[in-house]
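**Student:** have a look; sequence and predicted model below, questions after that.
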Amino acid sequence: MATHLETLETPVPIVDLDRLSHNLDQMAAYATLHGLRLRPHVKTHKATRIATEQLQRGAVGLTCATTHELDVMSSVCDDLLLAYPPVGAARLERIMRLSANTRLTVAVDSADSLPALAMAAKLARRDLNVYVEVDLGMRRVGVKPAQEAVDLARAVLEQSPLRFAGIMFYPGHVRESVTEQGASIAKLSADIEELLERLADMGMSAAQVSGGSTPLAWRIHEVAGVTEVRPGTYVYNDRTTAGIGACDWVDCAFTVLATVVSTAVPGQAVIDAGTKALGREPLRSEGDGWAALLDRPEVVVTRMSEEHGVLDLRNTDWRPRVGDRVRLVPNHVCIVTHLFDEIVGVRGDYVETSWPVEARGRGVVQRERDQAPRGPRAM
């Protein structure tokens with residue numbers, strides 16, 4: 001028999017299974033319609049259950065940000081991209097520990113990182129595909145197009161067993177409403193076209209041009225040369241995604257179920273979800289606060305401490321009572337997923353299933369402890 005939401009201890013993350021399926025179907029259909037390789041980023045859900053559903057809908061592989069995500073997702077997928085600089089001996093050792101049956105691609109933006117990367121691949125006796133990451137406006141990582149990217153691609157080709165597999169970019173700086181992204185798309189296209197032309201002039205070609213981010217995902221087919229798309233947030237969606245028009249409010253599948261624990265102060269209600277349940281990332285679209293009620297978006301969390309969130313009631317005639325339950329749409333769902341060990345799947349007000357967030361954390365401390373000597377060390 002299904003369990004009612006009222007039986008759950010709060011705060012607890014819940015996912016509307018019907019909305020989740022809709023979101024997964026929509027992105028898979030979009031990629032198919034425009035002939036794009038869908039390689040979703042797992043940073044949003046960090047769960048093999050969701051990754052498996054993405055692969056079943058035609059995803060060619062998965063994108064990861066951490067070595068722990070690689071470890072976990074290798075159990076369900078044999079084609080993984082590490083979209084994070086592969087720098088540091090410990091990180092390289094862990095990357096190369098993946099099964100030889102896993103097709104692995106990494107993204108680089110520095111020639112200085114290539115010798116160690118190539119040596120690690122040689123020691124692991126594996127070929128390694130490499131994307132050259134370019135900065136098209138995010139100003140975080142990535143070399144400048146086009147000459148720096150061409151030089152780096154050439155450097156990759158000189159480091160066996162590395163293979164230049166294409167270029168990668170993350171347009172996270174594009175935060176306009178979906179209907180207002182035309183100018184940004186034109187600039188991205190011009191930069192990529194110039195880079196591809198420079199590569200061709202040097203006798204090189206990019207087998208893949210990989211672009212990420214949910215805010216731009218629905219128009220990324222308009223960016224010249226793009227062959228692969230790496231959205232993450234779309235599976236659950238959040239307040240920011242809805243705010244820029246990348247989804248409708250009804251497409252927000254993920255909420256945090258919380259309980260009103262106090263109404264003692266006039267004009268507000270306190271819930272049992274604070275920073276440790278909702279994160280503390282500002283809204284990247286119009287509006288303020290840290291989360292909003294799913295059924296009353298005008299009611300937002302305006303203040304938080306670790307275990308308390310304050311709902312501002314000044315703009316609503318709703319007056320909750322102590323013990324009432326509310327469902328909160330967070331500003332940034334990727335942050336919030338990482339705060340919980342388990343997600344609860346619901347249909348309506350009834351719990352149907354649950355799944356672990358296996359790839360949260362780093363997954364290193366436990367392994368090191370397991371491998372630690374059990375007795376005194378010999379002197």
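**Tutor:** Thanks, I have the structure now.
**Student:** how close does residue 298 get to residue 287?
**Tutor:** 10 Å (CB to CB, to the nearest Å). In this view, the C-beta of every residue, glycine as well, is placed from N, C-alpha and C.
**Student:** cool, and residue 213?
**Tutor:** For residue 213, the distance to residue 287 - CB to CB - is 20 Å.
**Student:** more neighbours: those two, which one.
**Tutor:** Each of residue 213 and residue 287 has its neighbours counted (other CB atoms under 10 Å); residue 213 has more, 23 against 15.
**Student:** for the more buried one, which residues are in contact?
**Tutor:** 170, 171, 172, 174, 230, 231, 232 (CB atoms under 8 Å, 6 or more residues apart in numbering).
**Student:** the fifth one contacts residue 39, correct?
**Tutor:** Okay, so that is residue 230. Yes: under the criterion of CB atoms under 8 Å, residue 230 makes contact with residue 39 at 5.1 Å.
**Student:** quick check: neighbours shared by the two?
**Tutor:** With CB under 8 Å, 6+ apart as the test, residue 230 and residue 39 both reach 63, 81, 210.
**Student:** buried by neighbour count, from those: which ones?
**Tutor:** Taking 16 or more other CB atoms under 10 Å as the criterion, what is buried in those is 63, 81, 210.
**Student:** and the helix or strand harbouring the second one, how far out from the chain middle?
**Tutor:** Which is residue 81. Residue 81 is part of strand 79-82 when elements are defined by DSSP states H and E. Relative to its chain's centre, strand 79-82 lies at 14 Å (CA atoms, centre = their mean, to the nearest Å).
**Student:** note down every partner strand of it and its orientation.
**Tutor:** Neighbouring strands of strand 79-82 in its sheet, by DSSP bridges, are strand 62-64 (parallel), strand 103-108 (parallel).
**Student:** now stretch 100-120: buried residues?
**Tutor:** Buried-residue list, stretch 100-120, by 16+ other CB under 10 Å: 103-109, 111, 113-114, 117-118, 120.
**Student:** thinking again about what came up before, which of the buried ones among the shared contacts of residue 230 and residue 39 sits closest to residue 31?
**Tutor:** residue 210 (12.5 Å; CB to CB).
**Student:** show me the contacts for that closest one.
**Tutor:** Residue 210 touches 39, 81, 131, 166, 167, 168, 169, 226, 227, 228, 229, 230, counting by CB under 8 Å, 6+ apart.
**Student:** tabulate those (TSV), appending distance to residue 306, secondary structure and pLDDT.
**Tutor:** Output for those, formatted as TSV (distance: CB to CB, whole Å; DSSP: H, G, I helix; E, B strand; the rest coil; pLDDT from 0 to 100):
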residue	distance to residue 306	secondary structure	pLDDT
39	36	coil	98
81	35	strand	98
131	39	strand	98
166	44	strand	98
167	42	strand	98
168	37	strand	98
169	37	strand	98
226	42	coil	98
227	44	coil	98
228	40	strand	98
229	37	strand	98
230	33	strand	98
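**Student:** columns distance to residue 312 on top of the residues you listed, output as CSV?
**Tutor:** As requested, these are exported to CSV (distance: CB to CB, whole Å):
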residue, distance to residue 312
39, 40
81, 41
131, 44
166, 47
167, 45
168, 41
169, 39
226, 41
227, 46
228, 42
229, 37
230, 36
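**Student:** now the buried members of these.
**Tutor:** Buried by 16+ other CB under 10 Å: 39, 81, 131, 166, 167, 168, 169, 226, 228, 229, 230, out of the contacts of residue 210.
**Student:** identify the farthest-apart pair in the residues you listed.
**Tutor:** Among those, 81 and 226 lie farthest apart (CB to CB), at 14.9 Å.
**Student:** re the thing from before, which ones among the contacts of residue 213 are found in helices?
**Tutor:** Using DSSP state H, no member of those falls within helices.
**Student:** of those, which is the most crowded?
**Tutor:** Going by other CB under 10 Å, residue 231 tops the contacts of residue 213 with 26 neighbours.
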